[in-house]
Structure formats: C-alpha cells, structure tokens
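In: following is a predicted model, sequence given first.
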Amino acid sequence: MFILVTTPVGRTELGEQIDYYPSRWSGSSGQYKVTSFYPFNLAYLTAMLKQSTTHQVKMVDMNYYGVDSEEYIDIVRKLNPDVLIVEIDSIIYSKQKAIFTTLKRELPNLKIIACGPQPTATAEDTLSQGADYVAIGEFEASIVELIESGFASDIAGIYPNSRRQLLDVDTLPFPEDNDIKRRDYCRLYGSEYNEVEMWVTRGCPVMCNFCVVANVYYGRPNHRVREIDDVIAEIKYLQSTIPDLEGIFFNEEAHTINRQYLRALCQRLIDEGLNQQLKFNCMGNYDTLDTETLKLMKQAGYYKIRIGLESLDESVMQHISKFRSKSNVSRLLDVLHDCKELGIKIYGTMSVGTVGANFDSDIESLDTVEKLHSQGYIQEFSLSINTPLQGTPFFTKAKEADWLIMTDSDYDGSYGSMVDLPDYPAEKINKAFDYGTQVRTRINQKNQQSGVHYSSYDKQWCAPVYATSARKVGEGII
C-alpha cells in the first residue's frame, strides 16, 4: 500500500501564499512566504508510519511550494496513492474540500484521511465532502493504528469514536528528514541566527480561549516533556546534518512552563558544551520564570524568549483563560527587568480584538510595547487579529453571542476581524491592527538600524525558501 502524506493546497482563493501552522495560526502572506514553519505533526506521523509499517510512505509539503488546486490534484494523480493524509486548517478548508471531491471522482479507490483543526471541529462536514476518515485531535497515533489495523472501525481518535489519550512524547521518533528536510524550513521570523525548529515539550496548561492547539488538538490542559537524553541526541543530529546551523528555535507552546525540567535541560546543554556551539530561542510563558532560572538560561545559550502576551491590560488578560491566569503584570515586569540585566531579548506576541478588549485598551497596550522597546525591555513583537477559529471557546462564544460577521470556514484573520465585539466593532479592531502594524514597522526599522541581523532576510541561509518563489508550476516537487 502506498501512503501519501501532504500539507493542504498552499494558496488562498486570491492566490496568496500561506504561512502554514495549523496547530497555532496560519495566515496569508501575500506573494511570498514570511515564515516557513516545519509541519511537525505530519512529519512525526510520516516518521511513525515508516517506522511502524511496511507500507511505502511519502510526504510532500504542498504548502511549502505554494501549490494551488490544479497542481495539487495533478501531483496526487501522478503519484496515485492508495491513502492520502492531509492536515487541514480553517484558512484553506473550502479549497481542500473541492480538491477531495475531484480526487474521489478521478481516483475512486483512494482513501482520504483528514486531520487537523478544521476536520476535528467539523468532522461530519469533512466526511460529507469526500474524506473517508477524520482523525480528531492529536492525530499521529490514531492514524498509525488505523492503518495498522486495516482500517478497523473502533480506533480511538478516529471519528465518531472518542478522543484518544494524549500520546507519550518519548515514543516519538525524530520527525521526517528525508522526504522533507528541516534545513529547508529556515525562514523564521524574529530569529537572529541560522536556526531550525525543534520540539522538546508538548501541551500547555493555560488553555487560552482562542488557542487551537490546546482546545482542538489536545482538548484539555496538559504539558509533556521529552527525555533530555533524546533531546540532546536530536540537537546533535541536527548539527551533523546541517553544517551551517547556528541555533535552535524551541517552537512549542510552553517551553518554559515546567521550571524543573527547563533547569535540567539548561544544565545539560551546558554540560554537553552546546551552549558554546549554538544559540537558543524559545516560545514560552513568563509566570514561571525567576531570576535563577533566567540566569541558567542565559548561561545555557538562550538569547531570546518569545512570550505570549496578547495584551498588557490586566482586565483583558483575565478573560483569556479560565484554567490559568495570564494576568500578572508585576511578574511580567520583573521578568523584563531580569532579562534586560542578563541580556536576554524579549519577543512579545500581541493581538487586538481579544474578548474583553476595546479600542482604547488595545492602543494603550501597543503604545506600552513601543515604550518598553525604547527602554530596552522588549526587542520585538508580533501582532495578529484575535480570530475565533472553529473548535475554540472563542468561536463558540462568538457564535452564541452573534458576534460573527463572517461564517465561511476559510476566513483569514491576517487582514481583517471576523467579529463585531460588544462596543468594539470590526472596523475599530482593524484600525487598531493598522495602528499596531505601524508601531511594529517602526520597531523593526530601529532594530535593523541598530545592527540587529535577522536570518529571515539572509538570502544564502534562506535560499531554499526563496527558490520556491521562482518555481514554475509542475517543477521541483516530485
């Protein structure tokens, strides 16, 4: 049996490229990719299938190459798989459904397994549009068992069966690095060294109301850590396969949430001498960071921490999660002060149009970020429009309260709000986003003028990504 694993079609209805990160937040990026995220869930699945079965397995990242519908169909037709597996998010759902319809007509024996946030949230609709199976939530182990069983009907995690227990992360092999190469996923916004992504933990106990990965993939608060021996082995593997590697971006949801584990990892990086060879940056939470941990992180080679802030208004932050408060500005200020003293950079992730926010609170938060940048406490920030993706509490609330102004599943929150919040209509949310974009542009210009080097602009390091822009349809994929 031949199994083809793919990302979905890589362009929006308007033909724009998509920065694909289905478990977090995909968005259209215009003519070129802004960030090339490694499709790690599918990469782990591919590696597991190759390890656990005797079937022929191939992974093709359609999104990476900006493949549109006709080319996607042509590639699948030429490869002629027995099974097609696709991880789909909201932004591309309608186009991918149309592709399924065409493929089922042309390849009637093809079995289609849909997974990811949108099929999980709308399983019945996905099945009605051509998918034969929907793997809900964290899908890797469910799909492997489905295939190993010969497509049995009682596999946990395959709709309509109940969710599967979250997997043991120590059972995961290293993700796929043959059909797709992690070196090629090198354009990482905000990174200052030649870096690739890596995942040493999974899960987040915060459960923000807009978060896809926590609410849709995992379905409950959790946090799982890998054996540190395995982490070190993977870092050394990446060093051996990527000669020009300068750093690692730990791009999981909550890298810093388990203080004991983080300290143990830092100490091991020091003991192995990796702190002298590589630089590290991570996505994490600030509330578990203390002075001693930050000192150890600095010694271990961490140069940047990316913190999910969303807003700097405590009353807004209190609305974001019912499981674990994100409202602790005094703690945040302590962390910012320690990081400035230690020389660890802070990258904040901000959003406008969050439940509980208003125009004035969002503008005040953005002004505060710019002030903190001028004082050396925050070096960069990203900005998004808080978007109610299906399967999240935010979407449920928006639907119940009649806030939604667009109901098609392939909406894109990169450029416009999907909701009219109470006393905060979409027009004002978009205005706040435009204001924040201007703030962000000013900060980035000042950073580059002061000599900050971003590897995402390095044409030599990012050559694989830049090459996709010049690719002609039908070339360079299979």
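Out: That came through fine.
In: Lys50 touches Lys58, doesn't it?
Out: No - assessed by C-beta atoms under 8 Å, Lys50 is found out of contact with Lys58, at 9.5 Å. From N, CA and C alone the C-beta is placed, and that goes for glycine too.
In: next, the residue nearest to Gln56 when sequence neighbours are not counted: phi, psi?
Out: Nearest residue to Gln56, sequence neighbours excluded (C-beta to C-beta, 6 or more residues apart in numbering): Phe2, at 4.6 Å. With angles defined as degrees, to the nearest 10, Phe2 sits at phi -110, psi 120.
In: just the buried residues of the helix ranked longest in the chain, please?
Out: The helix that spans the most residues within the chain, counting by DSSP state H, is helix 426-449. Within helix 426-449, the residues that count as buried by 16 or more other C-beta atoms under 10 Å are 426, 428-433, 435-436, 439-440, 443, 447.
In: and stretch 364-378, by the same measure?
Out: Ser365, Leu366, Val369, Glu370, Leu372, His373, Tyr377, Ile378.
In: which one is Arg183 nearest to, not counting chain neighbours?
Out: Ile242 (4.8 Å).
In: pull the distance from the longest helix of the chain to the chain's centre.
Out: 22 Å (C-alpha atoms, centre = their mean, to the nearest Å).
In: how about the helix or strand that that helix is followed by: buried residues?
Out: The element immediately downstream of helix 426-449 (helix or strand, assigned by DSSP states H and E) is helix 463-469. Residues Val465, Tyr466, Thr468 are the ones in helix 463-469 that count as buried (16+ other C-beta under 10 Å).
In: which residues outside helix 463-469 are in contact with it?
Out: 31-33, 36, 64-66, 181, 183-187, 459, 476 (C-beta atoms under 8 Å, 6 or more residues apart in numbering).
In: just among those residues, which is most surrounded?
Out: Cys186 (26 neighbours; other C-beta atoms under 10 Å).
In: so who does that residue touch?
Out: Going by C-beta under 8 Å, 6+ apart, the list of residues near Cys186 reads Ser36, Asn194, Glu195, Val196, Ser455, Trp461, Cys462, Pro464, Val465.
In: just the closest of those to Lys279, please.
Out: Glu195 (7.6 Å; C-beta to C-beta).
In: show me what the closest one bridges to in the sheet.
Out: Taking DSSP bridges as the rule, Glu195 bridges to Gly247.
In: next up, the contacts around it.
Out: Per C-beta under 8 Å, 6+ apart, neighbours of Glu195: Cys186, Leu188, Leu245, Glu246, Gly247, Ile248, Phe249, Lys279, Asn281, Ser455.
In: let's see that with 10 Å instead.
Out: 185-186, 188, 242, 245-251, 278-281, 455-456, 461 (C-beta atoms under 10 Å, 6 or more residues apart in numbering).
In: pull out the buried members of those residues.
Out: The buried subset of those - by 16+ other C-beta under 10 Å - is 185-186, 188, 242, 245-251, 278-281, 455-456, 461.
In: now the spatially closest residue to Asn275 that is not a sequence neighbour: how far from Leu188?
Out: Distances taken as C-beta to C-beta, 6+ apart place Gly301 nearest to Asn275, at 3.7 Å, with adjacent residues excluded. Applying C-beta to C-beta, to the nearest Å, the value for Gly301 to Leu188 is 17 Å.
In: how about Ser52?
Out: Relative to Leu188, and taking C-beta to C-beta, Ser52 is found at 30 Å.
In: list the buried residues of the host helix or strand of Ile75.
Out: Per DSSP H and E: Ile75 is located in helix 69-79. By 16+ other C-beta under 10 Å, the buried positions in helix 69-79 come out as Ser69, Glu71, Tyr72, Ile73, Ile75, Val76.
In: Leu49: what secondary structure?
Out: On the three-state scheme (DSSP: H, G, I helix; E, B strand; the rest coil), Leu49 is labelled helix.
In: please name the nearest non-neighbouring residue to it.
Out: Val57 (4.6 Å).
In: run through the bridge partners of the one you found.
Out: Assigned bridge partners for Val57, using DSSP bridges, are Ile3.
In: that one touches Ile143, doesn't it?
Out: No - the pair Val57 / Ile143 is not scored as a contact, 11.3 Å apart, by C-beta atoms under 10 Å.
In: am I right that Ser36 is in contact with Ser455?
Out: No - if you go by C-beta under 10 Å, Ser36 and Ser455 don't touch, sitting 11.7 Å apart.
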